[in-house]
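Novice: show me how the following folds:
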Amino acid sequence: MAATPQNPATPRRKVSRHRGEGQWAVGHFTPLNGNEQFKKDDDGLNVRTRIETIYSKRGFDSIDPNDLRGRMRWWGLYTQRKPGIDGGKTAILEPEELDDTYFMLRVRIDGGRLTTRQLRTIGEISQEFARGTADITDRQNVQYHWIRIEDVPEIWNRLEAVGLSTTEACGDTPRVILGSPVAGIAEDEIIDGTPAVDEIHRRVIGNPAFSNLPRKFKTAISGSPLLDVAHEINDVAFVGVVHPEHGPGFDLWVGGGLSTNPKIGQRLGAWVPLDEVPDVYEGVISIFRDYGYRRLRTRARLKFLVADWGAEKFREVLEEEYLRRKLIDGPAPAQPVERWRDHVGVHRQKDGRFYVGFAPRVGRVDGATLTKIAELAEAHGSGRVRTTVEQKMIVLDVEENRIDSLVEGLEALDLTVHPSPFRRGTMACTGIEYCKLAIVETKARGSALIDELERRIPDFDEPITININGCPNACARIQVADIGLKGQLVLNDKGEQVEGFQVHLGGALGLEAGFGRKVRGLKVTSDELPDYVERVLKRFQAEREEGERFATWAARASEEALS
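Specialist: This next block holds a predicted model:
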């Protein structure tokens, strides 16, 4: 049949292919933004060779911009904030104007596990190459600052000589695998997830099959009944449970995350035995790689796909397309019996020895201190230490008759084993000191707040979390803290723009997980912060019911009581 000629007067309809969300699984491979383009142009893992052979020899100015602000993250490197740039300029200046010629370098510590030899090496590198910096993060890592590109190959050599690395510590990659810091030693442990952590690391980290994800991918695995890895806010989490027929294993969660659009992870209702955890993990991360939204960076986390699909569809795709088998239905985790999940204090191990957890100030330590911790641990019979997701540390394997001496040595370093609720519960992100996204200072502010609250409310003895973040991105988990403080510029009583915080109240993790309440217009300046926190905590003390948690009180309190 002959084609019917088109009437010239009829407007021609423009035909365009729908670009979708950039999901590879539905055929959308064309990069839809600059980040996807540079990842397609060259795998981020390949930048190591250029760092070793070109950039470290020719210096900072030789670095290609797509490597500098993109691929170098695949090896744990971010440019740090140029000194002297105030928070009002954060969202105004171009990246190259914010960039210093020094780097933050993140050392990944999967499961929070370190030998004392590894810890000593981290401390020595800090002192030699990082001006003494070495912060403990809320993801069990250590972060250096003031790193020169010329020194990076030597730092890698020293880390890798003791079994550590910075591989995929940042970037659109499978980040550090969180694990219970007392895995394999705690008396009350349901199941030891360490073999799964190790097998996932072996299969996935540095593997090009998983080095181009839509965004970062966060993992948590713990068999502790304390729920000690913040499983609710990870992309994938395996939580220790006991199946009535099959015994100890893991409950599977997906789609958690915070930042500017926070979501609590969803249970898939599936029980996973220990030896199948790596396979299930590969299935989940493959779904993210293939179906994740790549068009907009703001929607590129797994939590958005899970929210759109729902738990039932996600499990169905996981079983039918990736595992090719059904998962076993299983129970939810039990409610933790303790409020603190950080393992601070002295605790008996299942072998009869003890572990000793202690609290640095808001994760801020230094290389000399880390070296001394390693020496103290060894002097008291231990060769193992751990980091936690609460910016704390633990010394393992201590004999009972050596506990007091170890505690005394730690206290002399201002690393308290018996901290106040404020020292124990206050967390802070990097802040404007080094971070290019930050608007306000955080670490020093958090440390000063601890001192003020200990002086003003010495009788306060309730668990309380105070999380301080320098920007809206929630690296310090502000939405799930009792008192979450989001850094921003605010007006003081003179009408001047100064550093301050928007206040979130009553967030929580655990089986009653939820996000904090924002009271309309409730913002405080940094200078007013101690007065505000003191006021609201004293009201809590006066108004709470017997056994009531701060989060529960904050949910029912009047706006006046919270102001």
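
Novice: how many neighbours does residue 433 have?
Specialist: 17 (other Cβ atoms under 10 Å). Using the backbone N, CA and C atoms, a C-beta is placed for each residue, glycine as well.

Novice: spit out the contact partners of it.
Specialist: 81, 441, 442, 443, 444 (Cβ atoms under 8 Å, 6 or more residues apart in numbering).

Novice: doesn't the last one belong to a helix?
Specialist: It refers to residue 444. Yes - judged by DSSP: H, G, I helix; E, B strand; the rest coil, residue 444 forms part of a helix.

Novice: give the burial count for it, as a bare number.
Specialist: When neighbours are counted by other Cβ under 10 Å, residue 444 registers 14.

Novice: of the contacts of residue 433, select the buried ones using a ChimeraX command.
Specialist: Those of the contacts of residue 433 that count as buried under 16 or more other Cβ atoms under 10 Å are selected in ChimeraX with:
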select :81,441,442,443
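
Novice: the helix or strand of the chain with the lowest mean pLDDT packs against which elements?
Specialist: Least confident helix or strand, the chain: strand 517-525 with a mean of 85, by mean pLDDT, DSSP states H and E. Packing partners of strand 517-525 (3 or more Cβ pairs under 8 Å, 6 or more residues apart in numbering; DSSP states H and E): strand 483-491, strand 497-505, helix 559-562.

Novice: which of these sits most buried?
Specialist: strand 483-491 (a mean of 23; mean count of other Cβ atoms under 10 Å).

Novice: rewinding a little: nearest to residue 416, out of the helices and strands packed on strand 517-525?
Specialist: Taking Cβ to Cβ, strand 483-491 is the member of those nearest to residue 416, at 20.8 Å.

Novice: what helices and strands are in contact with that closest one?
Specialist: Strand 483-491 packs on strand 466-469, strand 497-505, strand 517-525, helix 529-543, going by 3+ Cβ pairs under 8 Å, 6+ apart.

Novice: can you put those in TSV and add distance to residue 105?
Specialist: Below are the helices and strands packed on strand 483-491 laid out as TSV (distance: least, Cβ to Cβ, whole Å):
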stretch	distance to residue 105
strand 466-469	22
strand 497-505	27
strand 517-525	33
helix 529-543	31
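
Novice: weakest of the helices and strands packed on strand 517-525 in terms of mean pLDDT?
Specialist: Lowest mean pLDDT within the helices and strands packed on strand 517-525: helix 559-562, at a mean of 91.

Novice: who does residue 345 bridge with?
Specialist: Following DSSP bridges, residue 345 is listed with bridge partners residue 357.

Novice: tell me the spacing between it and residue 523.
Specialist: 35 Å (Cβ to Cβ, to the nearest Å).

Novice: please apply the same query to residue 543.
Specialist: To residue 523, residue 543 is 23 Å away according to Cβ to Cβ.

Novice: surely residue 308 is within a helix?
Specialist: Yes - assessed by three-state DSSP, residue 308 belongs to a helix.

Novice: show the pLDDT at it.
Specialist: On the pLDDT scale, residue 308 is placed at 97.

Novice: where along the stretch 101-250 of the chain do the strands fall?
Specialist: Using DSSP state E, counting those that start in this stretch, the strands found in the stretch 101-250 of the chain span residues 113-115, 135-136, 142-147, 174-179, 217-222, 236-243, 247-254.

Novice: so for residue 387, which of those sits nearest?
Specialist: strand 135-136 (5.6 Å).

Novice: about what we covered before: distance to residue 217 added to the helices and strands packed on strand 517-525, as CSV?
Specialist: Converted to CSV, the helices and strands packed on strand 517-525 look like this (distance: least, Cβ to Cβ, whole Å):
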stretch, distance to residue 217
strand 483-491, 24
strand 497-505, 26
helix 559-562, 36
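
Novice: and for stretch 460-467, what's in contact with it?
Specialist: 339-340, 420-422, 424-428, 446, 449, 453, 476-478, 480-485, 533, 537, 540-541, 549-550.

Novice: ok, back up a step: which one of the contacts of residue 433 sits closest to residue 136?
Specialist: residue 443 (11.5 Å).

Novice: thought residue 431 was touching that closest one, still the case?
Specialist: Yes - contact criterion Cβ atoms under 8 Å: residue 443 and residue 431 qualify, at 5.6 Å.

Novice: for the nearest residue to residue 440 once chain neighbours are set aside, give its distance to residue 422.
Specialist: Excluding the flanking residues, the one nearest residue 440 by Cβ to Cβ, 6 or more residues apart in numbering is residue 487, at 3.6 Å. Remark: distance between residue 487 and residue 422 (Cβ to Cβ) = 19 Å.

Novice: kindly report the same for residue 501.
Specialist: In terms of Cβ to Cβ, residue 501 sits 16 Å off from residue 422.

Novice: repeat that for residue 181.
Specialist: Noted for residue 181: a distance of 22 Å to residue 422, by Cβ to Cβ.

Novice: compare these two (neighbour count), which wins?
Specialist: Taking neighbours as other Cβ under 10 Å, residue 181 and residue 422 compare with residue 181 leading, 31 against 22.

Novice: contact partners for that one?
Specialist: 111, 112, 113, 140, 228, 343, 386, 387, 388, 394.

Novice: cutoff 7 Å now
Specialist: 112, 343, 386, 387, 388, 394 (Cβ atoms under 7 Å, 6 or more residues apart in numbering).

Novice: the fifth one contacts residue 342, doesn't it?
Specialist: This means residue 388. Yes - if you go by Cβ atoms under 7 Å, residue 388 and residue 342 touch, sitting 5.4 Å apart.

Novice: find the nearest non-adjacent residue to the spatially most central residue of the chain, please.
Specialist: Taking Cα atoms, centre = their mean, the centroid of the chain lies closest to residue 139, which sits 4.1 Å from it. In space, and not counting its chain neighbours, residue 139 is closest to residue 176: 5.6 Å by Cβ to Cβ, 6+ apart.

Novice: number of nearby residues for the one you found?
Specialist: Using other Cβ under 10 Å, residue 176 is surrounded by 25 other residues.

Novice: contact partners for it?
Specialist: Residue 176 touches 108, 109, 110, 139, 140, 141, 169, counting by Cβ under 7 Å, 6+ apart.

Novice: could you list the low-pLDDT ranges of this protein?
Specialist: 1-19, 511 (pLDDT under 70).

Novice: from the chain's centroid, how far away is stretch 75-84?
Specialist: 18 Å (Cα atoms, centre = their mean, to the nearest Å).

Novice: other residues contacting that stretch?
Specialist: Contacts for stretch 75-84 (Cβ under 7 Å, 6+ apart): 47-48, 51, 68, 98-100, 102-107, 145, 166-167, 169-170, 432, 434-436.

Novice: having no further points to raise, I will conclude here.
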